[in-house]
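1. For reference, the sequence and a predicted model appear below.
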Amino acid sequence: MSQEKNFNRWKPTSSIRLRKGQQQVLDILNNQKHDCYKTRELKVELPTGYGKTFVICAAYATLKQLGHIDRALIIVPSDEQFKSYLDDIEEDMRKMGAKITAAVPAHSDFGLKMHLRNEAEIFVTTIQSLSVNGNSQRIAYDLMQKGRWLLAADEYHRYREEGVWGKAITNNIKPQVNFSLAVSATPNRTDKADKAIEGDIDVQISLKEAIEEGAIRPVAVYSSEYSLDLSFGEDEDPQRFTTSQLVKEVLKTNSKDISAAEVKKELRYYTKYLNKILLDAMAELDNLQVDKPKEHKMLVFGMGVSHAKLICDQINRISDKKRADWIGVQSTIKKDDNTSIQIGRSEKVNTQVIEDFKEGKFDVLVQVRKAAEGFNDVKCSVLVFLNLVSESVLLRQMIGRGLRRNFNVEADHGQKAMKDRCYIYVTADHPGLNYIKTLEDQSYIEKDKKETKERELSDKVRIYNIPDFYIIDAEYVSEECHYPYGSLKEIREEFKQFDKEKLLKNETNQDIEKLLKDFYKTQTDVKPIIKSTNQRRDEYKKKVDSATNLLASSVVKIKSNSSHTIIASTVGDHKRVINRQWNRKTHLRHDEMTIQHFEEKYKWLKLISDDLNDTNNLSEQLHKLQFNYSWLNL
């Protein structure tokens, strides 16, 4: 390769700040003497959310500039990733300063025609499509007869050498390509089997490194007891089981699938009692949504299909509206009497539920063997593990669903995130608990350790915090992130990144507002979106509803301190009492309240919550409920 060619190597646009691992990949590819050019292969381990897609795009742009390739075949493990690449990669490449002709499906006549006409250069396929009906041979012999190819294998740990997927790659695809790039968050298989792409990792970024860079979220872990009330067959008397006890019982059917065992044992769950782990997780979600209403969701990992339905029923019951839905792989179970029953949901229904979740039609998704890998939504900041997956590649992939940063919650400063965090709730008997806790050890912020220690030393019940109320009049929206205009308390710290010379320590709210307006005037792609009065009123109502949920949950938690379970309906009962007291106090119903009235109610709720939290122990909390807020005693 000539020195001139090496000098004119590809670089991303100046607006892109490369992370450590991304820079290492580019440095290796720009070093013509690196061993990867002898093996024609580069293997990269990056945590989920770190930017594997960027690495693939940047590697293609670099190798193309150096003259090694002019086409790319990207293999992904799921339909969702397949769609994501096709929808986003052209725009991603443009932002990076590496415009391409087109990205199209690899396993189609349309893709082949685009390739032969030089109207497309990136081709995407799922590994399932690649290994079905000879598609790998078709791509190898039709598509790859022209051009110099990069093979980019996403989550390559899934492709076992002796498996159907692995053979499709090693026998047909790899011999035809000029260079291979293998990326994964978890390259070592749990079963230790050989992979289709083997060898030492060339670039490796640990979770701790990624957290320190601010590339992924820090983790906070909460574990507690979890039990279920259920009965079997014709038995009408419910029994209480922990998850580990239940698994031992249902697996006596010799079925490895919990969903199938639920059917064979004719298991029935009872919704009357709600475990505190769900109450705590929902309160965390409500707390986060008060601060950022549109930016937080919850992902729950259930054991079986019936268990997933139970969780949804419990959450929707305490919420007075649909907040949860579930997805699960569809299968047919043969019962002991030779009859069959179909469980789970069809791919069409699962896809629709996921789309509705991403669109925000509900904010809690319960999954069974469905959204562990390849499912991405940066708003999933609360994870709940009610399954029993031990430390494994699958568990690490599940945790990865909550590690992606949401820059609408906190901007990317290149340092550990302080507010954009992943909150994990896990059962005390979960086999992966110790591993999950190690993530917290790697990422915990020192001040939170102090807070946790103080909570452990106190015998008072932890009250769910209700944040300060603030008004949002409009939003400025850009390609990277949006900022609320009017939320000056939130902006004060984050705005520093736009004005490096002014630390804003002595600036008034009016000065900050002016600086913000001046900044956005210079941004041609940013427009203020002014909210209507009705939109603002709806947003305030949601804040008040979340605060009411938090206060009701706190009161129930204080009253049932000695028990890990509560009667689910009591949360709704306390919410109704709180709303009734407000009506008596102000003679106002929600449908006739103005924006100012909602703000007044919010502050009233926060005042009660703070008062309960300012006490020193449980007995004082109970005393206040009995005498200061006697109307809360049902």
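-> That came through, no problem. Numbers count the residues shown, from 1 in each chain.
2. Gln626: neighbour count?
-> Neighbourhood size, Gln626 [other Cβ atoms under 10 Å]: 11. Backbone N, C-alpha and C define where each C-beta goes, glycine included.
3. And it, how far from Tyr270?
-> Plainly put, Gln626 is 31 Å away from Tyr270 if you go by Cβ to Cβ, to the nearest Å.
4. do the same with Gly21
-> In terms of Cβ to Cβ, Gly21 sits 48 Å off from Tyr270.
5. do the same with Asn617
-> 34 Å.
6. on that earlier part again, just want to know which of Gly21 and Tyr270 has more residues nearby.
-> Gly21 (24 against 13).
7. Apart from its neighbours in sequence, what residue is nearest the more buried one?
-> Ile205 (4.0 Å; Cβ to Cβ, 6 or more residues apart in numbering).
8. Please read off the pLDDT at the one you found from the model.
-> Note on Ile205: pLDDT of 93.
9. these two touch, right, Ser224 and Lys276?
-> Yes - using Cβ atoms under 8 Å, Ser224 is in contact with Lys276, at 6.0 Å.
10. which residues are common contacts for the two?
-> Counting by Cβ atoms under 8 Å, 6 or more residues apart in numbering, the shared contacts of Ser224 and Lys276 are His564.
11. who's more crowded, those two?
-> Lys276 (21 against 15).
12. so who does that one touch?
-> With contacts defined as Cβ under 8 Å, 6+ apart, Lys276 is in contact with 224-225, 557, 560, 564-566.
13. Low-confidence ranges, the protein, go.
-> Applying pLDDT under 70 to the chain picks out residues 1-7, 189-191, 251-256, 371-374, 391, 442-460, 470-530, 562.
14. starting at the chain centroid, how far to the helix ranked longest in the chain?
-> Secondary structure of the chain per DSSP state H: the longest helix is helix 533-559. With Cα atoms, centre = their mean, to the nearest Å as the basis, helix 533-559 stands 23 Å off its chain's centre.
15. Buried residues of it, list them for me.
-> 536-537, 539-541, 543-559 (16 or more other Cβ atoms under 10 Å).
16. what does stretch 627-634 give?
-> For stretch 627-634, the buried set under the neighbour-count rule, 16+ other Cβ under 10 Å, comprises 629, 632.
17. Quick check: end-to-end length of it?
-> Chord length of stretch 627-634, first to last residue, is 13 Å (Cα to Cα, to the nearest Å).
18. what residues does it touch?
-> With Cβ under 8 Å, 6+ apart as the test, stretch 627-634 has contacts from 555, 570, 573-574, 577-578, 581, 608, 611, 625-626.
19. and these, which of them are in helices?
-> If you go by DSSP H, these have 555, 570, 573-574, 577-578, 581, 608, 611, 625-626 in helices.
20. Just the buried subset of those, please.
-> Buried among those by 16+ other Cβ under 10 Å: 555, 570, 574, 577-578, 608, 625.
21. ok, which pair from these is furthest apart?
-> Pairwise distances across those (Cβ to Cβ) peak at 17.4 Å, for the pair Thr570 and Ile608.
22. how about the strands of the stretch 201-350 of the chain, start to end?
-> Using DSSP state E, counting those that start in this stretch, the strands of the stretch 201-350 of the chain run over 203-204, 219-224, 227-232, 239-242, 267-269, 273-275, 297-301, 324-328, 331-334, 340-343.
23. can those strands go into TSV with extra columns for distance to Ser390?
-> Shown next, in TSV, are those (distance: least, Cβ to Cβ, whole Å):
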stretch	distance to Ser390
strand 203-204	23
strand 219-224	15
strand 227-232	20
strand 239-242	16
strand 267-269	23
strand 273-275	21
strand 297-301	13
strand 324-328	21
strand 331-334	23
strand 340-343	24
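24. right, and those strands - which one's nearest Lys437?
-> That would be, of the strands of the stretch 201-350 of the chain and by Cβ to Cβ, strand 219-224, which comes in at 5.5 Å.
25. That closest one: which residues count as buried?
-> Here strand 219-224 shows 219-223 as buried, counting by 16+ other Cβ under 10 Å.
26. if we look at that strand, which residues are touching it?
-> Strand 219-224 is contacted from outside by 275-277, 280, 399, 402-403, 421-428, 430, 433, 436-437, 439-440, 442-444, 448, 564, using Cβ under 8 Å, 6+ apart.
27. go on, stretch 156-174?
-> Contacts for stretch 156-174 (Cβ under 8 Å, 6+ apart): 43, 73, 75, 77, 127-128, 130-131, 135-137, 139-140, 144, 151, 153, 180, 182-184, 186-189, 193-198, 373, 393.
28. same check, this time on stretch 175-182
-> 40-44, 55-56, 59, 63, 68-69, 73, 140, 144, 148-153, 156, 174, 197.
29. what's the first-to-last distance across it?
-> Using Cα to Cα, one end of stretch 175-182 lies 15 Å from the other.
30. mind listing what's buried in it?
-> Of all the residues in stretch 175-182, those buried under the rule 16+ other Cβ under 10 Å are 176-182.
31. okay but Arg323 is in contact with Gly360, surely?
-> No - at 11.1 Å, Arg323 does not count as touching Gly360 under the criterion of Cβ under 8 Å.
32. Can you pick out the residue with more neighbours from the two?
-> Arg323 (19 against 12).
33. State the distance from that one to Asn549.
-> For Arg323, the distance to Asn549 (Cβ to Cβ) stands at 10 Å.
34. and if you look at Arg317?
-> Distance, Arg317 to Asn549, by Cβ to Cβ: 13 Å.
35. burial count for Asp337?
-> Quick note: Asp337 (other Cβ under 10 Å) scores 6 neighbours.
36. can you tell me how far it sits from Cys36?
-> Taking Cβ to Cβ, one finds Asp337 at 59 Å from Cys36.
37. from the contacts of strand 219-224, which ones fall inside strands?
-> Filtering those for membership in strands, criterion DSSP state E, returns 275, 422-427.
38. Let me know the closest of those residues to Leu383.
-> Nearest member of the ones in strands among the contacts of strand 219-224 to Leu383, counting by Cβ to Cβ, is Ile424, at 4.9 Å.
39. what residues are up against the closest one?
-> Counted by Cβ under 8 Å, 6+ apart, Ile424 has contacts 219-222, 383-385, 399, 402, 436, 439-440.
40. try it again with 10 Å
-> 219-223, 281, 382-385, 399, 402, 436-437, 439-440 (Cβ atoms under 10 Å, 6 or more residues apart in numbering).
41. Likewise for Ala308?
-> Contacts of Ala308 by Cβ under 10 Å, 6+ apart are 259, 300-302, 324-328, 344-345, 365-368, 370, 386-387.
42. switch to 8 Å and redo it
-> Counting by Cβ under 8 Å, 6+ apart, Ala308 touches 300, 302, 326-328, 366-368.
43. Taking those together, which two end up most distant?
-> Once Cβ to Cβ is applied, the contacts of Ala308 give Val300 and Gly328 as the farthest pair, at 12.0 Å.
44. anything in contact with each of those two?
-> Joint contacts of Val300 and Gly328 (Cβ under 8 Å, 6+ apart) are 308, 367.
45. For stretch 193-203, buried residues please.
-> 195-197, 202-203.
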